[in-house]
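Visitor: Next input, structure requested:
(one chain, ligands or ions: 1)
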Amino acid sequence: MRLQIVGSSGTYPAPGRPCAGYLIEQKGFPVLCDAGPGTFMSLPIDPDTIQAVVISHQHVDHCADLFAAFHAWTYRPEPREGVPVYAPESAIEHILAFVDGGQGDAIHRTLDFRPVSGGDEVEIGPFTVRFADMFHPVPCVGSRWEADGRVLFYTGDTGPGGEWHETARDADLMLAEAAFQEPPASGDAIHLTAAEAGRIARRLGVKRLVLTHIPPYMDASRSVHEAETAFDRPVALAVPGVGFDV
Ligand SMILES: [Zn+2]
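Guide: Numbers count the residues shown, from 1 in each chain. Purely as a prediction, here's the structure:
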């Protein structure tokens, strides 16, 4: 299994740094997981070869470029049809609400929306993907990708709370958001600190940890250092163009 980072910027994109977007590929079957702003233009492969899309949640920094993909696949002489899109029901509703009536028909021809929530397990080509409900202000799914005995877990957006941890257990690689460095002064956190990502990964027996969703204004080297201290092992940073063999 190969994980290719298309974009990893937290919250908003910056030049050369699209928001969340990851290609997960096995045996020539690439799936786009999240489609944040800037990712479509940065795809390292022909977008027509993408076999399916998974959207973790409705926040714009994770799904805006699904519209770019929809347009690219629809408004041309030979449109694509029926590209599977797995996402929480509320994300599907928000995506559909953004396009007008006429386009609504088109979007259902091009994209085959399949709602998922925590506990669901689906076969996507060579992958068995199990979803977990993450801790975020809107429904958000984390995803556990298994193929050929290897496991990748992607957190989407989440705070440390909730029931999702076990779905990440013993992952060969955990791609974890680390949008915070300090936890919020009050209230339940809706993102992880880098140190929390490291602590959780260590407790769950995760073998490799990759940090993502770090906003452009933050010193990412500090996040990596704090995660490494908690994980007690080297931690990698998700950088566009970098790939990981899982
Ligand atoms: Zn979010």
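
Visitor: those strands in this structure, which residues are they?
Guide: 2-7, 21-26, 29-35, 52-54, 83-87, 111-115, 121-124, 127-133, 141-147, 150-154, 173-177, 208-212, 236-237, 243-245 (DSSP state E).

Visitor: quick one: average confidence on stretch 187-204?
Guide: Across stretch 187-204, pLDDT averages out at 95.

Visitor: Name the residues that touch that stretch?
Guide: 135-137, 155, 157-161, 165-166, 168-171, 174, 176-183, 209, 211, 213-214, 222-224, 226-233, 235 (C-beta atoms under 8 Å, 6 or more residues apart in numbering). In short, each C-beta sits where N, CA and C put it, glycine included.

Visitor: what do you get for stretch 67-77?
Guide: 32, 35, 40-41, 47-48, 50, 53, 79-80, 83, 95, 98-99, 106-107, 109-111.

Visitor: rewinding a little: report the buried members of the contacts of stretch 187-204.
Guide: For these, a burial check counting by 16 or more other C-beta atoms under 10 Å picks out 135-136, 155, 157-160, 168, 171, 174, 176-181, 183, 209, 211, 213-214, 223-224, 226-228, 230-231, 235.

Visitor: what about the residue located most distally from the centre of the chain, distance to the ion?
Guide: Going by C-alpha atoms, centre = their mean, the residue of the chain most distant from its centre is residue 77, 30.8 Å out. Distance, residue 77 to the ion, by C-beta to the ion, to the nearest Å: 36 Å.
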